[in-house]
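Student: Here is the input, now give the coordinates:
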Amino acid sequence: MSAEDRRNLHAFRDYVMKTLDPTYILSYMAPWFKDDEVQRIQAEKNNKGTMEAASLFLKFLLELQEEGWFRGFLDALGHAGYSGLYEAIETWDFQKIESLEEYRSLLKRLQPEFKTTVNPKDILPKISQCLISQECEEIIQVCSNKGLMAGAEKMVECLLRSDKENWPKTLKLALEMEESKFSELWIVDKDAKNVEPKVLEDDEMETSDIQIFYKEEPECQNLSQNSSPPSAASPTCTPLKPRNYQLELALPAKEGKNTLICAPTGCGKTLVSLLICEHHLKKFPQGQKGKVVFFAIQLPLYEQQKSTFSDYFEKLGYKVAGVSGVTAETVSVEQIVENNDIIILTPQILLNSLRNGTIPSLSVFTLMIFDECHNTGKNHPYNMIMFNYIDQKLGGSSDPLPQVIGLTASVGTGDAKNTNEAMEYICKLCASLDTAVIATVKDNLEELEEVAYKPQKFFRKVESRTTDRFKCIISQLMRETESLAKSIFDELENVSQIQNRSFGTQKYEQWIVSVQKACMVFQLPDKDEESRICKALYLYTSHLRKYNNALIINEHARMKDALDYLKDFFADVRSAGFDETEQDLTRRFEEKLKELESVSMDFSNENPKLKDLSFILQEEYHLNPESRTILFVKTRALVDALKKWIEENSENSFLNPGILTGRGKTNQNTGITMNSQKCALDAFRTDGDKDKKILIATSVADEGIDIAECNLVISYEYVGNVIRMIQTRGRGRARGSKCFLLTSNADVIEKEKINIYKENMMNESILRLQTWNEAVFKEKILQIQMQEKFIRDSQAKVEPVPDKENKKLLCRKCKGFACYTADIRVVEDCHYPVVGDAFRKCYVSKLHPKPKTFGHFEKKAKIFCARENCCHDWGIHVKYKTFEIPVIKIESFVVEDIATGAQKLYAKWKDFPFEKIPFDATEMSK
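Tutor: Now for the predicted structure:
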């Protein structure tokens, strides 16, 4: 046992306490623990709980001086069945256990549903390998003595401590095998939100909605009667005074303190940031200058804030500029920072500049302002920037650090179940931002409530259709399509762990994704046969996805809209390759088309949800014809469907709906442009002809939009966490506003009620933290920062050694050969062209529908697989300086090892550790 092991065990004690029940290993620790210590640990568990017992156990353990106790502890873990914890401590790598945290959080939230819907006796045999043997025995005993609900609670308690990496998936499989209702809530395959620099080929294939943010104040206010600009020439501004509550929010920051400002949506936090910024810049004596950086998460908010700060501060003689992902390639970040007083940035720009040394450290700034600062967590760029800050702070650097300000409407509570846990969560957010002051409005609440009105909340539980002929027909087509897929690949059911899937559900979508991923890398000796099967399975699963999407639209909108969605899809299929498989699938759909059209036009099949939605709209507009409404829905397809329904409904067509969705492209839909987003908001805000009375939006609209006249917010089968609830509700800012949650699922209403409870818990936690002595708060934050830094340093990822062996790239759709890795070059660190004449024969090109210029790149055409009836999208053809080159995206290919034939998929180039050869102009000239 080295001193380092002892320090590590102390540093990682929180992981051990969350995982270990010490009473299960005490018998193996007898040579090192005294009898009275064993009894105290047993009593601690009985009286206070397992974590407290684990804490006491570790206290005794770390006090031991006898030789061999550390190895004895590891052996005890192994004997008891703690294989995951054993591995983590032996290697001091807790990443696998850390990766389980999101599932623990989910299970904690779903515990009430789990205990009322899951029979623990039925699923215990299927998940026993994820638990300690003693835990299994205790679960059976609780079921016998106290009943199934108590047994389910015990099972949750044990799963929350499980150190087995596969327990979430094993639980999912067990629930599905038992056809448990809870399996619909237990979603294991979550999309990771990796934030990284924008690369050229990514412009073709966005995978998630990009949120859009707009400022909260329509006006630009001059905050000072007597400005003192740094330059003599300065136009005068019409003075507009801030409100008292805004001055209250700004006060701690104006005193130079790192401050987290938490205030309701719509109260003017941007104005508060202007106040702070002006005071900060004016406090420097002659000959010294301040430098402010304001971070905006997404491009529209960046544009808005850049405009707001420029309009105000340039009149005072300050220089304002900005850099975003769009402009980063055409401007020098270093010069922009050096030559301006206020810099507006998207955070990834600064993160990239810190990494490549363009910006040497954060000490070049004197003030950093983080908008929507609740995002400062995990691998978000905000947190990565603050890692640099905290490393500099704890590293003893003599360079001064900038003041930090965070702005948010809701700090959130994470997975906290009580006020103490919520306080701990908020402390961690403050530690991430290095803020020891939380500023909220206390002295001027009445004034705040006059401005930031909290709308009334209503829950409406509605019924779904009792019979659904449309669903029956589409389900039959899906069964036929599955049978066709099985006829060419009889192992279809075995390639995915997702069983007992239901049509028209998120789980079915997950099954499609897992099947596609598995089939893309399966191999056969006959490569032509392998290619044929891969391509056919790709087509079958793609059609199944469209049918599944149509059923989801049918569930929440009209049958007609679902049918139109499918008709548009099959029209696109006809206009593409349209091989024999696609012809067969299209024929089967068209054979049912007449019946589907008849069913969809039958008024008796109208969706009851839409009747209730229509009733709410008519009632509210009868009471107030000048109402403005935001209707939140989950998907873009539903946005389109509900827009058509309103336009074609004679009673609601006067609403003339606008739409607001993300700008990115998904597998099913194309986002709208930024100009379209702005136009939609401008039309909705217009007071002239009142033409756009309702805005139908996805989650893109629940942060940052300023629509002061919006007085009706409807969440249609739409619910998120407590932060999203507060921001969604915050769209309704006019006095007398109302907020409706409309759903056919009682669980959705229950989740929103939990969010309301968590909001109250959050507010109570903030009030308690504000009573703390500031020095005590700073010490708490410092301890968290030191612990997090230790863990971060301990778990630093080792860069993979590039594989210099040549590999093949195969088309991910048809498995046709494309190129070798030896033919790939790297341009400007993130673009990957293929050189050589051989590759030109493998692709065909079509003029790009949206040609653009990015820095030295001119996007001219799209490139596709040249194999007959494949046409899989491979990337783009560009002009780079004077060279015409094809640039590929790795997600379009399968990588095959030439020596072994093993195949792998990569979603991003950064994940593919091959030898990256820089682009060489002289090579092209040869």
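
Student: tell me the domain boundaries of the chain?
Tutor: Domain segmentation of the chain under the TED database yields 4-92, 96-184, 244-450, 456-463+606-757, 469-602, 807-924.

Student: Quick one: closest of those to residue 790.
Tutor: domain 4-92 (4.9 Å; Cβ to Cβ). In this view, the C-beta of every residue, glycine as well, is placed from N, C-alpha and C.

Student: quick one: terminal-to-terminal distance for the closest one?
Tutor: Here the two ends of domain 4-92 are set 11 Å apart, with distance taken as Cα to Cα, to the nearest Å.

Student: Could you pull up the mean pLDDT of it?
Tutor: Averaging pLDDT along domain 4-92 gives 88.

Student: That one: how far from the chain's middle?
Tutor: 36 Å (Cα atoms, centre = their mean, to the nearest Å).

Student: Could you double-check that residue 695 lies in contact with residue 630?
Tutor: Yes: counting by Cβ atoms under 8 Å, residue 630 is a contact partner of residue 695 at 5.1 Å.

Student: any idea how far residue 819 is from residue 840?
Tutor: 10 Å (Cβ to Cβ, to the nearest Å).

Student: Then residue 885?
Tutor: Counting by Cβ to Cβ, the gap from residue 885 to residue 819 is 13 Å.

Student: Please identify every residue contacting each of these two.
Tutor: Shared contacts of residue 885 and residue 819, defined by Cβ atoms under 8 Å, 6 or more residues apart in numbering, are found at residue 834.

Student: Now do the contacts for residue 44.
Tutor: Contact partners of residue 44, counting by Cβ under 8 Å, 6+ apart, are 52, 53, 56.

Student: most residues in a single strand of the chain, which one?
Tutor: Identified as the longest strand of the chain according to DSSP state E is strand 843-854.

Student: weakest of the domains of the chain by average pLDDT?
Tutor: Among those, domain 456-463+606-757 scores lowest, at a mean of 74.

Student: Could you tell me the end-to-end distance of that one?
Tutor: 16 Å.

Student: Could you do stretch 358-369 as well?
Tutor: 20 Å.

Student: Contacts for it next, please.
Tutor: Residues contacting stretch 358-369 (Cβ under 8 Å, 6+ apart): 273, 276-277, 280, 284, 290-295, 333-334, 337, 350, 352-354, 385, 388-389, 392, 397, 399-407.

Student: where's it relative to the chain centroid, distance-wise?
Tutor: 27 Å.

Student: And that stretch, what's buried?
Tutor: Judged by neighbour count (16 or more other Cβ atoms under 10 Å), stretch 358-369 contains these buried residues: 359, 362, 364, 365, 366, 367, 368, 369.

Student: ok, back up a step: which one's more surrounded, residue 840 and residue 819?
Tutor: residue 819 (22 against 13; other Cβ atoms under 10 Å).

Student: Touching the helix or strand hosting that one from outside, list them.
Tutor: Per DSSP states H and E, residue 819 falls inside strand 817-820. Strand 817-820 is contacted by residues 806-811, 834, 836, 838-839, 842-843, 865, 874, 888, 893 when judged by Cβ under 8 Å, 6+ apart.

Student: Return the subset of these lying in helices.
Tutor: Counting by DSSP state H, the contacts of strand 817-820 place 838, 839 in helices.

Student: re the thing from before, of the contacts of stretch 358-369, buried ones?
Tutor: Looks like those have 273, 276-277, 280, 290-295, 333, 337, 350, 352-354, 385, 388-389, 392, 401-407 buried, using 16+ other Cβ under 10 Å.

Student: And the stretch of helix or strand residue 137 belongs to, what does it pack against?
Tutor: Residue 137 is part of helix 133-146 when elements are defined by DSSP H and E. Contacts defined by 3 or more Cβ pairs under 8 Å, 6 or more residues apart in numbering; DSSP states H and E place helix 133-146 against helix 120-127, helix 148-161.

Student: Would you mind measuring from residue 899 to residue 47?
Tutor: The gap separating residue 899 from residue 47 is 61 Å, by Cβ to Cβ.

Student: ok, now residue 54?
Tutor: If you go by Cβ to Cβ, the gap between residue 54 and residue 47 works out to 14 Å.

Student: now swap in residue 390 and tell me
Tutor: Distance from residue 390 to residue 47, by Cβ to Cβ: 38 Å.

Student: Same check on residue 317?
Tutor: From residue 317 to residue 47 the distance is 67 Å (Cβ to Cβ).

Student: likewise residue 600?
Tutor: Counting by Cβ to Cβ, the gap from residue 600 to residue 47 is 64 Å.

Student: next one: residue 474
Tutor: To residue 47, residue 474 is 58 Å away according to Cβ to Cβ.

Student: Compare these two (neighbour count), which wins?
Tutor: residue 474 (26 against 9).

Student: Quick check: next helix or strand after the one helix or strand that one maps to?
Tutor: Assessed by DSSP H and E, residue 474 sits inside helix 469-488. Scanning forward in sequence from helix 469-488 by DSSP H and E, the next helix or strand is helix 506-520.

Student: Can you name the next helix or strand after that next one?
Tutor: Counting by DSSP H and E, what follows helix 506-520 is helix 527-556.

Student: Flag every buried residue along that following helix.
Tutor: The neighbour-count check on helix 527-556 (16+ other Cβ under 10 Å) flags 530-556 as buried.

Student: Run the angle between it and helix 506-520 for me.
Tutor: Relative orientation of helix 527-556 and helix 506-520, computed by axes from the mean of the first three to the mean of the last three Cα atoms, to 10 degrees: 170 degrees.

Student: State the distance from residue 598 to residue 566.
Tutor: 15 Å.

Student: Mind checking which of these two has more residues around it?
Tutor: Using other Cβ under 10 Å as the criterion, residue 598 and residue 566 rank with residue 566 on top: 20 against 10.

Student: Just to check, that one is in contact with residue 588?
Tutor: No: at 11.9 Å, residue 566 does not count as touching residue 588 under the criterion of Cβ under 8 Å.

Student: Break down the stretch 701-850 of the chain into its helices, ranges please.
Tutor: Under the criterion DSSP state H, counting those that start in this stretch, the stretch 701-850 of the chain carries helices at the ranges 722-729, 746-770, 774-794, 837-840.

Student: Can you read off the backbone torsions of the residue of the chain most remote from its centre?
Tutor: Relative to the centre of the chain, the most outlying C-alpha is that of residue 35, 49.8 Å out, by Cα atoms, centre = their mean. Main-chain dihedrals, residue 35, degrees, to the nearest 10: phi -60, psi -40.

Student: ok, it to residue 22 distance?
Tutor: Distance from residue 35 to residue 22, by Cβ to Cβ: 15 Å.

Student: Ok, residue 271 next?
Tutor: Distance of residue 271 to residue 22, given as Cβ to Cβ: 54 Å.

Student: Using the three-state scheme, assign residue 884.
Tutor: The three-state label given to residue 884 by DSSP: H, G, I helix; E, B strand; the rest coil is strand.

Student: Next up, the contacts around it.
Tutor: Contacts of residue 884 by Cβ under 8 Å, 6+ apart are 860, 877, 878.

Student: Swap in 7 Å and give it another go.
Tutor: Residue 884 makes contact with no residue under the criterion Cβ atoms under 7 Å, 6 or more residues apart in numbering.

Student: SS state for residue 187?
Tutor: Once three-state DSSP is applied, residue 187 turns out coil.

Student: Measure how buried the closest residue to it other than its chain neighbours is and give me the count.
Tutor: Using Cβ to Cβ, 6 or more residues apart in numbering and skipping the chain neighbours, the partner closest in space to residue 187 is residue 506 (6.7 Å). Number of residues near residue 506 (other Cβ under 10 Å) recorded here: 13.

Student: Could you measure from residue 506 over to residue 557?
Tutor: 17 Å.

Student: Kindly report the same for residue 899.
Tutor: 53 Å.

Student: Between the two, point out the one with more neighbours.
Tutor: residue 557 (25 against 9).

Student: how many neighbours does the residue nearest to that one when sequence neighbours are not counted have?
Tutor: Among residues not flanking residue 557 along the chain, residue 641 sits closest, at 3.9 Å (Cβ to Cβ, 6+ apart). Residue 641 sits with 24 neighbouring residues when counted by other Cβ under 10 Å.
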